[in-house]
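Asker: Provided below for reference: sequence and predicted model.
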Amino acid sequence: MEKSTDITMEKLLAELEALKAKTNRIENARNDQLSIAVISGDMDKIMATMIVSLAAAAMDTKVKLFFSFWALAALRDPKKSPKGKNFISKMFGIMLPKGRNKLKLSKFNMMGMGPAMIKGLMKQQNVMSMDEMFKQAGELGIEITVCEMTMNLMGFKKEEIIDYPHLRYAGAATFIADSGESSMQWMI
Amino acid sequence: MTTEELKALTVAKSVDARGTACPGPLLEAKKAIGTINENDVMEVLSADEGTKVDIPKWCNKQGHEFLGSVEENGYFKIYLRKK
């Protein structure tokens, strides 16, 4: 009789442990965190990403941005010129916008007239410039993760990426892990 | 709170965010809230109507008490109490 009680107790503790692990997982999955996979390299979409991220950071929500594919062009520093690129990488480099201030609009681009107009309107209506948004993002601790694989695919080099205080290079699993513990997961 | 009550509040900090559009006023509010004491009142001046709706949500999230807003000539005065 006593032996069976022992076993029940053991089972109970094991059950309890399993339950604890489960609640931990659920709790961690509800972190006050916003994870965005930023794929688009359009000016409007990068702007939307930054505005929403800044608003979230103002509300003390942790923000983690994962930049991949076309969005990488927004992270290029126009003042930097990396060496040792092959022909295809050089072509990509020429054809893609050199930095956040050279991005195109997804609509009404009109050979660059659209972005120029939007920038004028932004200034007139006191909207932060893209430079100011990135500066504020850095101050508020917004993290930027750069997708290593698409960097190589597009032929970008680390030497041409902006200086940003919370920047790191990683892969898709990092985004999955980050977004898995976030209460908000988006893709732009 | 009524407009008269809001106007009669002793404001510990006034944040003039009229020179910046969304999300500027939120960022300025976040920076300024750290400089005042608990139970102090802060006012945020904003020309952006969205801020009038956003600040109560921000207060709710951050645990501050939203007191109300007053429309002035071309801008809003938004009041909150730090908690």
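Answerer: In hand now; what should we look at?

Asker: which residue is nearest the centroid of chain A?
Answerer: Nearest to the mean C-alpha position of chain A, by CA atoms, centre = their mean, lies residue A:65 at 1.6 Å.

Asker: list the contacts for it?
Answerer: Applying CB atoms under 8 Å, 6 or more residues apart in numbering or on different chains, we find residue A:65 in contact with A:35, A:36, A:38, A:49, A:53, A:142, A:143, A:144, A:145. Heads up, the C-betas are built off the backbone N, CA and C, glycines and all.

Asker: helices along the chain, start to end?
Answerer: Here I'm looking at chain A. A:2-28, A:43-58, A:87-95, A:113-124, A:130-139, A:148-154, A:172-180 (DSSP state H).

Asker: sorry, I should have been clearer: chain B.
Answerer: B:3-7, B:24-33, B:49-62.

Asker: go through the second one and flag the buried ones.
Answerer: Under the neighbour-count criterion of 16 or more other CB atoms under 10 Å in any protein chain shown, helix B:24-33 has B:24, B:25, B:26, B:27, B:28, B:29, B:30, B:32, B:33 buried.

Asker: got a markdown table for those, with distance to residue B:3 and pLDDT too?
Answerer: What follows is the buried residues of helix B:24-33, written out as a markdown table (distance: CB to CB, whole Å; pLDDT from 0 to 100):
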| residue | distance to residue B:3 | pLDDT |
| --- | --- | --- |
| B:24 | 25 | 91 |
| B:25 | 20 | 93 |
| B:26 | 24 | 93 |
| B:27 | 27 | 93 |
| B:28 | 23 | 93 |
| B:29 | 21 | 94 |
| B:30 | 26 | 93 |
| B:32 | 23 | 94 |
| B:33 | 23 | 94 |
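
Asker: same list (the helices of chain B) but as a markdown table, adding distance to residue A:182.
Answerer: Below are these laid out as a markdown table (distance: least, CB to CB, whole Å):
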| stretch | distance to residue A:182 |
| --- | --- |
| helix B:3-7 | 37 |
| helix B:24-33 | 20 |
| helix B:49-62 | 16 |
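
Asker: among those, which is nearest chain A?
Answerer: helix B:24-33 (3.9 Å; CB to the nearest CB).

Asker: the closest one packs against which elements?
Answerer: Other elements packing on helix B:24-33 under the criterion 3 or more CB pairs under 8 Å, 6 or more residues apart in numbering or on different chains; DSSP states H and E are helix A:43-58, strand B:11-16, strand B:41-46, helix B:49-62.

Asker: switch the cut-off to 6 Å
Answerer: Applying 3 or more CB pairs under 6 Å, 6 or more residues apart in numbering or on different chains; DSSP states H and E, we find helix B:24-33 packed against helix A:43-58, strand B:11-16, strand B:41-46.

Asker: go through these and pick out the most buried.
Answerer: Highest mean neighbour count among the helices and strands packed on helix B:24-33 (mean count of other CB atoms under 10 Å in any protein chain shown): strand B:41-46, with a mean of 23.

Asker: strand partners of it, parallel vs antiparallel please.
Answerer: strand B:11-16 (parallel), strand B:76-81 (antiparallel) (DSSP bridges).
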